[in-house]
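Visitor: Fold the following for me, if possible:
(one chain, ligands or ions: 1)
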Amino acid sequence: MKKSFTILCLFLLSSYAVAQTIQTIQSIINKVSIDTLMNNLRELTGDKPVILNNVSTSLLSRNRYSAGNSYTPIYLMQKFSRLGLVSFQQNFMSDGQNVYAIQNGTTKSNQYVIICAHYDNMPSGGFAPGADDNGSGTAAVLEAARILSKYNFEYTIIYALWDLEEYGLYGSNYYASEASFRGDNIVAVINLDMIAWDSNNDYKAEVHTRNVSNSLELGLLVHDVNSKYSIGINLFTSNPGSTASDHASFWRFNYPAVLLIEIMSDFNLYYHKTTDDITKVNKTFYEKMTKLALGVTATSAVPIQNTSVAQTFPSEFQLYQHYPNPFNPETTISYKLQAPSKVSLKVFDLFSREVATLVNEYQQTGTYNSQFLASLEAGQLSSGIYFYTLRAGNFLQTRKMLLIK
Ligand SMILES: [Zn+2]
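Guide: All right, here's what the predicted structure looks like:
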């Protein structure tokens, strides 16, 4: 009797937790605003000027061969940093520039959920709005960052915007290969590419998946979120799905990934033309697709229910993944203090031997960057794995880094 009572209590507690999770994800979905999406999209397509470094500029093209292309990563970095997210520009090849921002998870911070889109576009030439392809996905990732950054999640969320997708998935491939090399534990990649075209209001869309890692399960989750939260997308599965967008870079390295895209049988008539502009956007469809993407991302990252837990959890003390990684000889370690604290930041080798003390002092609230120059520390370090540990008051966190000479 007592035992069954305990089981009943546990059952009620877990049902309560499930109900809370559903409520939190519903509140996230409800916050998606077509006005914010369209404002982002107007800026990305050059329809509305943006202020970059105090100068009014229009993003007339995001194509690699266009003169103004270099403005877009600056704009994207600015959008993320205004949300309080730590953002990175990742340069690759001679002219590629990925931009991504990291929102650290609480209990599973070394496992990553990536919501992503390519921001580059077509055609080459002076003017290319690329509203549907792929301003739509890019603006949706920015909307995800705006909304999800106000919540705490168990898993770390990465908001990633790739460059040079149009020329061979170069940006995502560079990131995925580096992630694989580091051994990053990526649990879900949600790629958005062309999510705002629906010529006949049937709200049809596709989720592309493959039998790679947990991609099929992730595809099922997209259906589940669509029905559970009554989002109203008429969703079809493509399996084995297309490899013509950035999720395929993650499949290549055996990571679970899906693509969300408008249905191929109603193909965008203005694809890769200078007429792919904001007037062609189906706003109701676009809002639904963004809601679906945020619902899937939030479900994968697992929101922390209890607001009192969220408030007292020391997530505002954060030690970020250093950049670049791997590195040689220099890398930057960033951290955030939510209160003035006695801070120590130290580097250790595989055998827990201290090789450097980077910080050891009382510091005020704020975000700090610390440089680690391997060649100057402890008489030339050899290639291999190192750890860095941040102590700030009761907060303690360790991360791994890789030196490659
Ligand atoms: Zn595209």
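Visitor: do stretch 172-188 and the ion meet?
Guide: No: Stretch 172-188 lies out of reach of the ion by C-beta under 5 Å from the ion, never closer than 11.2 Å. Bear in mind the C-beta positions are built from the backbone N, C-alpha and C, glycine included.
Visitor: any idea of the mean pLDDT for that stretch?
Guide: In this model, stretch 172-188 has a mean pLDDT of 96.
Visitor: hang on, T389 in a strand?
Guide: Yes: the assignment for T389 by DSSP: H, G, I helix; E, B strand; the rest coil puts it in a strand.
Visitor: so who does the closest residue to the ion within the stretch 301-405 of the chain touch?
Guide: Nearest residue of the stretch 301-405 of the chain to the ion (C-beta to the ion) works out as A301 at 24.4 Å. Residues near A301 by C-beta atoms under 8 Å, 6 or more residues apart in numbering: G105, V113, L148, F153, E154, Y155, T156, I157.
Visitor: Please name the nearest non-neighbouring residue to it.
Guide: Spatial nearest neighbour of A301, chain neighbours left out: F153 (3.9 Å); criterion: C-beta to C-beta, 6 or more residues apart in numbering.
Visitor: Specify the local secondary structure of the residue in the stretch 201-350 of the chain that the ion sits nearest to.
Guide: Nearest residue of the stretch 201-350 of the chain to the ion: S245, at 5.9 Å (C-beta to the ion). In three-state terms, and counting by three-state DSSP, S245 is coil.
Visitor: Tell me who's in contact with the closest residue to it other than its chain neighbours.
Guide: Closest residue in space to S245, ignoring its immediate chain neighbours: D193 at 4.3 Å, by C-beta to C-beta, 6+ apart. With contact set as C-beta under 8 Å, 6+ apart, D193 has these partners: A117, H118, D133, N134, G137, E165, S245, D246, L259, L260, I261.
Visitor: Next secondary structure after the host helix or strand of the last one?
Guide: Just to be clear, that refers to I261. Taking DSSP states H and E as the criterion, I261 maps to strand 257-262. Counting by DSSP H and E, the next helix or strand C-terminal to strand 257-262 is helix 283-301.
Visitor: Centre of the chain to that next one, how far?
Guide: Helix 283-301 has its average C-alpha position 14 Å from the chain's average C-alpha position, going by C-alpha atoms, centre = their mean, to the nearest Å.
Visitor: one step back: now for the strand holding I261, which elements pack on it?
Guide: In terms of contacts (3 or more C-beta pairs under 8 Å, 6 or more residues apart in numbering; DSSP states H and E), strand 257-262 is packed against strand 185-192, strand 204-208, helix 215-228, helix 247-252, helix 283-301.
Visitor: ok, it: who's next to it in the sheet?
Guide: The strands beside strand 257-262 in its sheet (DSSP bridges) come out as strand 185-192 (parallel), strand 204-208 (antiparallel).
Visitor: Make JSON lines out of those and add mean neighbour count.
Guide: Below are those laid out as JSON lines (neighbours: other C-beta atoms under 10 Å):
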{"stretch": "strand 185-192", "mean neighbour count": "24"}
{"stretch": "strand 204-208", "mean neighbour count": "23"}
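Visitor: Just the ones in strands from the contacts of A301, please.
Guide: Of the contacts of A301, the ones assigned to strands by DSSP state E are V113, Y155, T156, I157.
Visitor: By neighbour count, sort out the buried ones in the residues you listed.
Guide: When those are checked for burial by 16 or more other C-beta atoms under 10 Å, the buried set is V113, Y155, T156, I157.
Visitor: any idea which of the residues you listed is closest to S27?
Guide: Checking these against S27 with C-beta to C-beta, the nearest one is I157 at 16.6 Å.
Visitor: Give me the pLDDT for the spatially closest residue to the closest one that is not a sequence neighbour.
Guide: Distances taken as C-beta to C-beta, 6+ apart place Q103 nearest to I157, at 4.5 Å, with adjacent residues excluded. Confidence at Q103, expressed as pLDDT, is 95.
Visitor: I'd like the numbering to begin with 456 instead of 1 from here.
Guide: Sure, I'll start counting at 456 from here, so that last one is Q558.
Visitor: Quick check: Q558 touching I602?
Guide: No: using C-beta atoms under 8 Å, Q558 is not in contact with I602; the gap is 11.3 Å.
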